[in-house]
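Need the 3D shape of this:
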Amino acid sequence: MKKGNISIFVPHLGCPCDCSFCNQKTITGMKSAPSVEDVKSAADTALKSGGYEYEIAFFGGSFTAIDRDYMTELLRAAYDYVKNGSVSGIRISTRPDCIDSDVLKLLKSYGVTSIELGAQSMDDGVLIANRRGHTAEDVVKASVLIRSFGFELGLQMMTGLYTDTEEKSLDTAKKLIALKPSTIRIYPTVVLKGTELAELYLNGVYNPPDVEESAVLCAKLVPLFENAGIRVIRLGLHSSQELKSSMLAGGCHDSFGELVRSKILLNKILERPVGDYEVFVNPRSISKLKGNKKSNLSLLEKKGYNIKITVDSSVDVDELRIK
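Below you'll find the predicted structure:
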């Protein structure tokens, strides 16, 4: 059975910092805090559709930093669905510096199974420049503690932040892999109106990577995680009309994940010497192999590669067999 999230967004409640990139109301599309009734309504609506093994997921803010009574009310409402078997567990996202043994004991008692940390970067200079308010060591300590309590650990990183570089992002990936998370989300930076990054961008101080540059970098990051057995469960922010209307620059695209997967397939061929190759590909991955408007095929031709594509259902999706 497919897995799915019943997502409840808790925008910017309890967060001790105004990060340089943050405009949670635009990112989540939420203007107000959810109530207990909102949790029940979202769960009941999703469960009517069936066909999924659901988790209730509290995203969008710093869940363990919100008012403790309010947090407990939301957890209690969600836990009713865990107890009756309607959902398999509860997932929350929070900050690395808002984790300790007491809050983990509380989360455990209410059926929380997975905790995602917004690490964003493992470079302290980048964290300071973007007003994250925590250190790389906070990420390490929180991750170790979360895993020691038996929770599934998820981590989130961002690329292209102010003062970030490709080298720093690759180093961040390696340090996050060392923490042995089960899942990772990778978000290229998007500059939104009303943020500190917007001021830096408009003043010419900061120029974030665009969609193409972000996809090229993520195509290097994704294999690092996947080769370490870590599932990449999100590439890029969820696109919405509100996000697009507030975006000034950065790596936002309706099909960003597909762009990244396309470049990964391209890289598998470019790793080989120039020559003639037969490339076997799953039918579901043909468009990714060819690239947007056959851009991959054009690039390969320009570089001197002669490619014959053969459709083969025995090849895994987003993999290639090359002869």
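
which neighbours does the host helix or strand of residue 8 have in its sheet, and in what orientation?
Taking DSSP states H and E as the definition, residue 8 sits inside strand 2-9. Strand 2-9 has its sheet partners listed here by DSSP bridges as strand 52-59 (parallel).

from the middle of its chain, how far away would the helix or strand just after the strand it pairs with be?
Following strand 52-59 in sequence order, the next helix or strand is helix 68-83 (DSSP H and E). Centroid separation for helix 68-83 versus its chain: 25 Å, with Cα atoms, centre = their mean, to the nearest Å.

moving C-terminal of helix 68-83, what's the next helix or strand?
With elements assigned by DSSP H and E, the helix or strand that comes after helix 68-83 is strand 89-94.

Give me the helices and strands touching that next one, please.
strand 52-59, helix 68-83, strand 112-120, strand 152-159 (3 or more Cβ pairs under 8 Å, 6 or more residues apart in numbering; DSSP states H and E). C-beta coordinates here come from the backbone N, C-alpha and C atoms, glycine included.

for those, which one sits closest to residue 180?
strand 152-159 (7.3 Å; Cβ to Cβ).

As JSON lines, the helices and strands packed on strand 89-94 with mean pLDDT and distance to residue 23 would be great.
Formatted as JSON lines, the helices and strands packed on strand 89-94 follow (pLDDT from 0 to 100; distance: least, Cβ to Cβ, whole Å):
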{"stretch": "strand 52-59", "mean pLDDT": "93", "distance to residue 23": "15"}
{"stretch": "helix 68-83", "mean pLDDT": "96", "distance to residue 23": "22"}
{"stretch": "strand 112-120", "mean pLDDT": "97", "distance to residue 23": "15"}
{"stretch": "strand 152-159", "mean pLDDT": "98", "distance to residue 23": "14"}
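
export these to CSV and tack on distance to residue 139?
As requested, the helices and strands packed on strand 89-94 are exported to CSV (distance: least, Cβ to Cβ, whole Å):
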stretch, distance to residue 139
strand 52-59, 18
helix 68-83, 21
strand 112-120, 4
strand 152-159, 8
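
closest to residue 94 out of these?
Closest among those, using Cβ to Cβ: strand 112-120, at 6.7 Å.

Give the buried residues for stretch 102-111.
Buried residues in stretch 102-111, defined by neighbour count with 16 or more other Cβ atoms under 10 Å: 103-104, 107, 110-111.

Okay, and which of those residues map to strands?
Assigned to strands by DSSP state E, none of these qualify.

lowest-pLDDT helix or strand in this structure?
Least confident helix or strand, the chain: helix 24-28 with a mean of 50, by mean pLDDT, DSSP states H and E.

Summarise which helices and strands the helix or strand just after that one is packed against.
Heading C-terminal from helix 24-28, the first helix or strand you meet, by DSSP H and E, is helix 36-49. The contact analysis (3+ Cβ pairs under 8 Å, 6+ apart) places helix 36-49 against strand 2-9, strand 52-59, helix 68-83.

Between the ones you listed, which one is closest to residue 246.
Comparing the helices and strands packed on helix 36-49 by Cβ to Cβ, strand 2-9 comes nearest, at 16.1 Å.

Contacts for the closest one, please.
Applying Cβ atoms under 8 Å, 6 or more residues apart in numbering, the contact partners of strand 2-9 are 28-30, 34, 38-39, 42-43, 46-47, 51-61, 74, 78, 87, 91.

CA atoms only for that strand - export them in CSV, please.
C-alpha atoms of strand 2-9 as CSV (Å, rounded to 0.1, in the frame of the first residue of the first chain):
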residue,chain,number,x,y,z
LYS,A,2,1.3,3.5,-0.9
LYS,A,3,2.3,5.8,2.0
GLY,A,4,0.9,9.3,2.3
ASN,A,5,0.9,12.2,4.7
ILE,A,6,-2.1,14.0,6.1
SER,A,7,-0.3,17.3,6.3
ILE,A,8,-1.2,19.9,9.0
PHE,A,9,0.8,23.1,8.6
